[in-house]
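Visitor: pasting the structure only:
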């Protein structure tokens, strides 16, 4: 793969991969929640189901605003990683590593939801076809080119928890703005 794409190109593909994945979610989420809320209530404890339904009960436009907020983080981390590769002043690979780890692990939530609910869930197709292959190739390239190490990944893991307040804020903002 590297004969066609260098590590910096792979880094710059990150926002594109994010958008492709999130377009699937944007297109599906509103109708999917309406059609499948009863299934969620059947398979998940009531309190958890209430939280899930409340969190994701939003219009397509509202969800798009939430995605835009997350896209700001994806884009800024990509820019900082590119700067890191170029040894520029705003370079930071740690932020990018955290955001990429979130993206990679996020794919498994979609896959797990689909297995648990025994249905196609918003985001599962692009998780399998785009996120997992792309993330694996990018992580391999970053490690092979000594941009990051396994230690960088390990140290970044606790910071993935920071996504929760960001996602909750993004969803709240989407509901308030639209």
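Guide: Nice, thanks for sending it over. This one's a predicted model, so the numbers in the text were calculated from it and none came from an experiment.
Visitor: so how far is residue 49 from the closest residue to residue 57 other than its chain neighbours?
Guide: Distances taken as CB to CB, 6 or more residues apart in numbering place residue 33 nearest to residue 57, at 5.8 Å, with adjacent residues excluded. Quick note: C-beta positions are derived from backbone N, CA and C, even for glycine. Distance of residue 33 to residue 49, given as CB to CB, to the nearest Å: 11 Å.
Visitor: Which parts of this structure are helices?
Guide: For the chain, applying DSSP state H gives helices covering 7-12, 14-43, 46-56, 60-85, 93-117, 124-126, 132-144, 150-156, 163-177.
Visitor: Next, the angle from the longest one to helix 132-144.
Guide: Compare the direction of helix 14-43 with that of helix 132-144 by axes from the mean of the first three to the mean of the last three CA atoms, to 10 degrees and you get 130 degrees.
Visitor: Which strands or helices does helix 14-43 pack on?
Guide: In terms of contacts (3 or more CB pairs under 8 Å, 6 or more residues apart in numbering; DSSP states H and E), helix 14-43 is packed against helix 46-56, helix 60-85, helix 93-117, helix 124-126.
Visitor: What is the distance between the longest one and the centre of its chain?
Guide: Read it as helix 60-85. The offset between the C-alpha centroid of helix 60-85 and the centroid of the whole chain comes to 10 Å, using CA atoms, centre = their mean, to the nearest Å.
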